[in-house]
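In: Mind looking at a prediction? Sequence and model below.
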Amino acid sequence: MRIVLHIWRQKNAQDKGRMVRYEAPNVSEHMSFLEMLDVLNEDLLAKGEEPVAFDHDCREGICGMCGCMVNGVAHGPLPETTLCQLHMRHFKDGDELYLEPWRAKAFPVVKDLVVDRTAFDRIIAAGGFISVATGSAPDGNAVLVPKDNAERAMDAAACIGCGACVAMCPNASASLFVGAKIAHLGLLPQGQPEREQRVTAMVAQSNREIFGSCTNIGECEAVCPKGIKLEVIARMNRDYLSANWTGRVGLEAD
Amino acid sequence: MQLDSKSPTGPIEKRWEDHRFHLKLVNPANKRKYTVLVVGTGLAGGSAAATLAELGYNVKCFCFQDSPRRAHSIAAQGGINAAKNYHNDGDSVYRLFYDTVKGGDFRARESNVYRLAAISLNIIDQCVAQGVPFAREYSGYLDNRSFGGAQVSRTFYARGQTGQQLLLGAYQALERQIGAGTVKMYPRTEMLDLIVIDGKARGIVTRNLITGQMESHIADAVVLGTGGYGNVFYLSTNAKGCNTTAIWRAHKRGALFANPCFTQIHPTCIPVSGDYQSKLTLMSESLRNDGRVWVPLKKGDKRTASQIPEAERDYFLERKYPSFGNLVPRDVASRNAKQVCDEGRGVGETGLAVFLDFRDAIQRLGKHVIKERYGNLFDMYERITGEDPYQEPMRIYPAIHYTMGGLWVDYNLMSNIPGLYVIGEANFSDHGANRLGASALMQGLADGYFVLPNTIGDYLASNKFEKVEASHAAVRDAESSVTQITRRLLEAKGTRSVDSFHRELGKILWEFCGMARNAAGLKQALAKIPPLREQFWRDIKILGSGDELNQSLEKAGRVADFFELAELMCLDALERNESCGGHFREEYQTPEGEAARDDEHYSYAAAWEFSGVGKPPVLHKEPLTFEFVHPAQRSYK
């Protein structure tokens, strides 16, 4: 099939950037979306045009490195699917696709479809962990975890940190990302001692990174490739409120 | 060169403890005076960087991805082994040790493997404490599943995303240290050379992938946790960015490369569908717990799976290996799949696939149980192929997945270059000629959390480190060598893309140094690779400059190293006149078609010394002796 692509080209962070039209004349339905871009890039190179820069690594939907807006939707039209797992059989001959990088001030564009997501790492560094030094752990079965809690913690821990939630949110809020980590660790007995410090520190860092606030729109949940549910945001808000109520807000709070 | 493995002697269960006791320690107050560079942030590198920083060392950590959380350990699905014997099914540290030595086809060091098995217990404890959401029983206790190559249930798992959850545990521990200022993180930064001064590893040269800026980092020790080299085949289950550059350039600075031909083919991957294919996707081996592998009895049978009656199906693994059945180790499962396809009994459009069928398991346990166990894998299969594996059996075929070979290290995980440590898949140490399932995660974390942080202190405490200026001749030399490579690549201004060369190299290697090898084929590969390499340097086409994000340039540097490595792999495979584990030489097989080892002549690790591009490398041998697990033909019948 033939696909018409409009791709955001931006040489570097300083460049203004613009949409450029390309044609992909021989797209097989079995190709993944990124393989379609690979083929386009080979064609561009042959013509002496610089290939389109895009982030990707595992191409199995788990590393969280790939992603762009496809016709205004983060990771494209298929639910719970990263861009690398999206296959061309979901498009039809003659389709026009607009590819843009993640939209958010906290994710500045590096080049073409590549953005800088290090803000997510800084949020985890602020408190998204359990402070246990190597060697000090008790036996794995010493603390029991109810199966249901383990399952729900796993649901939240499935987050791949791709940033689609932020890119799709009109407020560019990182609440689904932050909430997922708060829920994952807060549902486990091992995560209890730092639960209140964690939520205040992570929310404070998220604010410093100029992510917006959550207004319960739900676009994040709709595009999350791992199906993280909005309830993690409710959980984050509850923990945040209770931390402020008890005053156990940690040093990082603002 | 005399290879000293520093392997301890005495009772096997006492060796690590005794060895550790005799290691020199660095005073807690002095640790911050030492700087350690950790390259790679997978299970091995990430856990090592975090743990070294917890101990008080000054750590700088590097990864080529945009975040340390992306390392390819994240894609491991099935699980992690630990000899906890929580299920009272006869497991023990000794049994895990035994299974691993046997599974590796008697080409690993016994002392290392025993230590790995013993440490497996601590790893689970550590990960649980970090908040890794392992699967649980209704009682709240940890659940286990069984895995290929073992007859006990010792595999801990977090759905089909065990690697992801373990990596996030290590990543969060690392981020905690970054937040505390004890680790300085350099994402989107690639190591391009090793700085060796007075025979010691003293630093690395890196390229900032966004700005193209080259930088030298000086330290007291360098740790490489940069993963395996499976992408030398172009198509593999590795992430697209996985490469050999860090270990290969260290090899070119003098580090020995051991057993490069020991590569693992994973039996359960989604088959290739076309020329544009950019990578292969693995379906966890755990699927073989409930899935049955079969092909039609008749050649060229084009009926769909459901049209083929029971009597006309050949469940070849169950037939040939009644006691292990579908759970035979990876090399055995892969070779048998190739064999039935070579006989013309393969399925699917290309005939290069076998069925993995869940019909019986769904009937026995119900769809909901299968969905709970493998739901995400089934979804992934459907997304890629457009077929529903609850209705039709999956089609699978073997693919390159893991590399047992890597830089040679001693019992302390130090290479032959003092101060250069190599951990995880990047080294050669624990899996011999074949790795058992759920053991890669175990080894990465054992090395990073528990082995390296203990052994590195001994080196730091026993050596004096002169201050190194940025103007030192060795630093300048490494920098100019990196600049030269970049310039050569950009100035070739040829006609062919990096991928076209990489694909061609991969095809040669897969054909002649893949699942089965023979001397004639290997010689053919050795004749084909050098001219292709020369053509690559003449005809490579890269647009853009070296002072910006340039993904073609990054790839080209990596493929240049793959060319040199590919040649060494073929040489190593040609030199090893026996079959063992993942290395199957067609000339050396038993009458039943199983791998025939030659313990009399080949019971050694082959450690190769670089002597120049296109020049014959020098072989050094580390003899392997087996005091506890006596070499026998591996039998899974």
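Out: In hand now; what should we look at?
In: can you give me the helices for the stretch 351-500 of chain B?
Out: B:359-365, B:367-385, B:440-445, B:452-462, B:473-492, B:498-513 (DSSP state H, counting those that start in this stretch).
In: Is it possible to get JSON lines of the ones you listed that adds distance to chain A and mean neighbour count?
Out: Bear in mind the C-beta positions are built from the backbone N, C-alpha and C, glycine included. Shown next, in JSON lines, are these (distance: least, Cβ to the nearest Cβ, whole Å; neighbours: other Cβ atoms under 10 Å in any protein chain shown):
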{"stretch": "helix B:359-365", "distance to chain A": "18", "mean neighbour count": "14"}
{"stretch": "helix B:367-385", "distance to chain A": "5", "mean neighbour count": "18"}
{"stretch": "helix B:440-445", "distance to chain A": "10", "mean neighbour count": "30"}
{"stretch": "helix B:452-462", "distance to chain A": "7", "mean neighbour count": "20"}
{"stretch": "helix B:473-492", "distance to chain A": "13", "mean neighbour count": "16"}
{"stretch": "helix B:498-513", "distance to chain A": "7", "mean neighbour count": "20"}
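In: B:Arg15 is nearest to which of these?
Out: Among these, the nearest to B:Arg15 by Cβ to Cβ is helix B:452-462 (13.2 Å).
In: helices and strands around the closest one, which ones?
Out: helix B:43-55, strand B:221-224, strand B:420-422 (3 or more Cβ pairs under 8 Å, 6 or more residues apart in numbering or on different chains; DSSP states H and E).
In: try 7 Å
Out: Contact partners of helix B:452-462 among helices and strands, from 3 or more Cβ pairs under 7 Å, 6 or more residues apart in numbering or on different chains; DSSP states H and E: helix B:43-55, strand B:221-224.
In: Quick one: mean pLDDT for the last one?
Out: What it means is strand B:221-224. For strand B:221-224, mean pLDDT rounds to 98.
In: Could you export whichever helix or strand comes after that strand as CSV, CA atoms only?
Out: Per DSSP states H and E, the first helix or strand lying C-terminal to strand B:221-224 is helix B:245-252. Taking C-alpha atoms only, helix B:245-252 is exported to CSV below (Å, rounded to 0.1, in the frame of the first residue of the first chain):
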residue,chain,number,x,y,z
THR,B,245,31.6,-1.7,20.7
ALA,B,246,32.5,-1.2,24.4
ILE,B,247,33.9,-4.7,24.8
TRP,B,248,35.4,-4.9,21.3
ARG,B,249,37.3,-1.7,21.7
ALA,B,250,38.5,-2.9,25.1
HIS,B,251,39.6,-6.1,23.3
LYS,B,252,41.6,-4.0,20.8
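In: follow-up on the earlier one: which one of the helices and strands packed on helix B:452-462 lies nearest to B:Glu318?
Out: helix B:43-55 (33.5 Å).
In: Pull the distance from the closest one to the chain's centre.
Out: Remark: helix B:43-55 is offset 19 Å from the chain centroid, using Cα atoms, centre = their mean, to the nearest Å.
In: returning to what we had before: can you add mean neighbour count and distance to B:Phe584 and give the helices and strands packed on helix B:452-462 back as JSON lines?
Out: Putting the helices and strands packed on helix B:452-462 into JSON lines (neighbours: other Cβ atoms under 10 Å in any protein chain shown; distance: least, Cβ to Cβ, whole Å) gives the following:
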{"stretch": "helix B:43-55", "mean neighbour count": "31", "distance to B:Phe584": "28"}
{"stretch": "strand B:221-224", "mean neighbour count": "30", "distance to B:Phe584": "29"}
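In: Make CSV from those and add distance to B:Leu194 to it.
Out: CSV is the format used below for those (distance: least, Cβ to Cβ, whole Å):
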stretch, distance to B:Leu194
helix B:43-55, 15
strand B:221-224, 7
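In: thinking again about what came up before, tell me which of the helices of the stretch 351-500 of chain B sits nearest to B:Leu167.
Out: Nearest to B:Leu167, of those and by Cβ to Cβ, is helix B:440-445 at 8.8 Å.
In: which residues pair with the closest residue to A:Ile7 other than its chain neighbours across the strands?
Out: Excluding the flanking residues, the one nearest A:Ile7 by Cβ to Cβ, 6 or more residues apart in numbering or on different chains is A:Leu99, at 4.7 Å. With DSSP bridges as the criterion, A:Leu99 is bridged to A:Ile7, A:Val70.
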